[in-house]
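**Student:** no sequence on this one, just coordinates:
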């Protein structure tokens, strides 16, 4: 939405660090809201935004993202990439250590070696990546690692984890081999699933790793000190020796379900900062000295559920898509047309395909009806009809039944063969109309009703579309779960990576909310991953984005922003797109 802010510094920047405080000004506390609960802080299986936010600040991967959005060293001080783009060699910092608290050391004393204080080694990353792809782990984000040699085979259970293309060359030297080049692989390594895992500590936890404070050991700027149902407390780590030492000594994360109270608490400056949706930001009384970073990370538009019986048909989807004038719909919503399927925060925004064509819309819809009306062929077992015998017809109905004599066994007795079958045609009624429902939020209900009038004018009674409205939180959760037919909803990026956004619609991705499983689309994203040059990669990404639109899977309409807001006297909190990638190591509060 458009906002008019009086005397407010609105920084329309992707990544901006407000580090006005001196690094020696330590001792401050940061108070920050989170919007969902956690079940595990195991980095390999972290799923919710809260889980990933804590992992992001408590762990450090081989590389990390700095306040300018650049890839910099994390646990690795240096790395090199082979000329063919397939082999990555990382050199770990000699001073990288695990932080095991006195409480954890005491509670786990009987299960760990004496004086357990390990350094972070290459084997910690080998073990972590093997766990991530082991099907027994059930890591939702395992698809991100599919480019590693033998990753797909390991994940499918057809190869042992030891065959994965990762090996410890030495204690401080790690080698990762890819089956194909992946231009954004360093960004993938910043994801939670790639954080290290100490084999000895993991095994000592006996299946409870990451579930309690005593079963938690991290290597980043902070460590998890305590948590309850209502809050999580992070302390600065005294054993962290990297280049991103924390300024605050404590970070308090408060569970605020659905963010309902955040606008009021931010207006009162109870929190040091917050990651806010557009609706939350609009409801907040922004102070003069508040610092705001706008992240254009969300595309609003139509998505189609390809698991739906009718919407599996591409021509039916195309009929609706070609009857949708996204440009005029954006104007009706008093929003600028987004012009690209990929959010602008990703830095690469290929122009949208203009599908609107009323005549073609009707042609596609009718073609879809014809396909849906085709007879279906099924294979059914043959059941021989019983022929009445003369004896049975003349038998006394009051006489007791005569049991058949036992037949002598034959050589074939005991062997069961497949029953005889035949092909039958099951006639299907001719499809002449369909009824579908668009799921959306109350905010966009009026806009969708106006679009429904246009659909009715173009498609007539052939396509009857109704509307169902829910709150935004329920809308997002239902779309994520695939509980919809058509939805007009927000799609937000997790990282400012255009390829990462496109990969979410591949079969292995848990974020594939449209249930797309198409070999042509996978070939395009695979080609983008393997591209050698930026121009080549962008060419394949453009083709993939075009495919999503031309196949009637998605219709982008306009964009929406999220906001990282820091209250008076607070600086240094920065974000790498998404509520799960907010960093506190540079944060400072004067209060």
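**Tutor:** Okay, I see it. Source: prediction; values computed, not measured.
**Student:** separation between residue 560 and residue 136?
**Tutor:** Separation of residue 560 from residue 136 (Cβ to Cβ, to the nearest Å): 39 Å. Placement of C-beta: from N, CA and C, glycine included.
**Student:** higher neighbour count, the two?
**Tutor:** residue 560 (19 against 8; other Cβ atoms under 10 Å).
**Student:** quick one, what contacts the residue nearest to residue 240 when sequence neighbours are not counted?
**Tutor:** Excluding the flanking residues, the one nearest residue 240 by Cβ to Cβ, 6 or more residues apart in numbering is residue 221, at 5.2 Å. Each residue near residue 221 by Cβ atoms under 8 Å, 6 or more residues apart in numbering is listed here: 57, 58, 60, 236, 237, 240, 242, 244, 245, 246, 585.
**Student:** going by neighbour count, which of those residues comes out on top?
**Tutor:** Neighbour max across the contacts of residue 221 (other Cβ under 10 Å) = residue 60, 27 neighbours.
**Student:** quick check, that residue in contact with residue 243.
**Tutor:** No. Contact between residue 60 and residue 243 fails when scored by Cβ atoms under 8 Å: they sit 10.0 Å apart.
**Student:** isn't residue 131 right next to residue 125, touching?
**Tutor:** No. The pair residue 131 / residue 125 is not scored as a contact, 10.6 Å apart, by Cβ under 8 Å.
**Student:** of the two, which one has the most company?
**Tutor:** Set residue 131 next to residue 125 and count neighbours by other Cβ under 10 Å: residue 125 wins out with 25 against 22.
**Student:** touching, that one and residue 63? I think so.
**Tutor:** No. Here residue 125 does not reach residue 63: they are 11.4 Å apart, not a contact under Cβ under 8 Å.
**Student:** residue contacts, the residue positioned nearest the centre of the chain?
**Tutor:** Geometric centre of the chain, nearest residue: residue 511, 3.9 Å, by Cα atoms, centre = their mean. When contacts are counted by Cβ under 8 Å, 6+ apart, residue 511 touches 480, 504.
**Student:** tell me how far it lies from residue 505.
**Tutor:** 8 Å.
**Student:** and what of residue 430?
**Tutor:** Taking Cβ to Cβ, one finds residue 430 at 33 Å from residue 505.
**Student:** where does residue 180 land on pLDDT?
**Tutor:** We have a pLDDT of 88 for residue 180.
**Student:** count the neighbours of the closest residue to it other than its chain neighbours for me.
**Tutor:** In this structure, residue 180 finds its nearest non-sequential neighbour in residue 530, 4.6 Å apart by Cβ to Cβ, 6+ apart. Per other Cβ under 10 Å, the neighbour tally for residue 530 reads 19.
**Student:** if I look at residue 530, how far off is residue 185?
**Tutor:** 11 Å.
**Student:** ok, residue 235 next?
**Tutor:** Residue 235 is 32 Å from residue 185, by Cβ to Cβ.
**Student:** also residue 279?
**Tutor:** Taken as Cβ to Cβ, the span from residue 279 to residue 185 is 36 Å.
**Student:** which of those two has more residues huddled nearby?
**Tutor:** Using other Cβ under 10 Å, the more surrounded residue of residue 279 and residue 185 is residue 185, with 19 against 16.
**Student:** wait, that one sits on residue 177?
**Tutor:** No. The criterion here is Cβ under 8 Å, and residue 185 misses it with residue 177 at 11.3 Å.
**Student:** and residue 375, what pLDDT?
**Tutor:** 71.
**Student:** correction: residue 101
**Tutor:** 93.
**Student:** begin at 42 from now on, thanks
**Tutor:** From this message on, residue numbering opens at 42, which makes the last subject residue 142.
**Student:** just give the nearest non-adjacent residue to it, would you?
**Tutor:** Distances taken as Cβ to Cβ, 6+ apart place residue 264 nearest to residue 142, at 6.6 Å, with adjacent residues excluded.
**Student:** OK, contacts around that neighbour?
**Tutor:** 99, 140, 142, 257, 275, 276, 278.
**Student:** show me where the stretch 92-241 of the chain has its helices.
**Tutor:** Using DSSP state H, counting those that start in this stretch, the helices found in the stretch 92-241 of the chain span residues 143-148, 163-174, 192-197, 226-229, 240-245.
**Student:** among those, which comes closest to residue 340?
**Tutor:** Of all the helices of the stretch 92-241 of the chain, helix 226-229 sits nearest to residue 340, with 19.8 Å by Cβ to Cβ.
**Student:** show me the contact partners of that closest one.
**Tutor:** Contacts for helix 226-229 (Cβ under 8 Å, 6+ apart): 104, 106, 112, 129, 185-186, 188, 219, 223, 235, 536, 538, 541.
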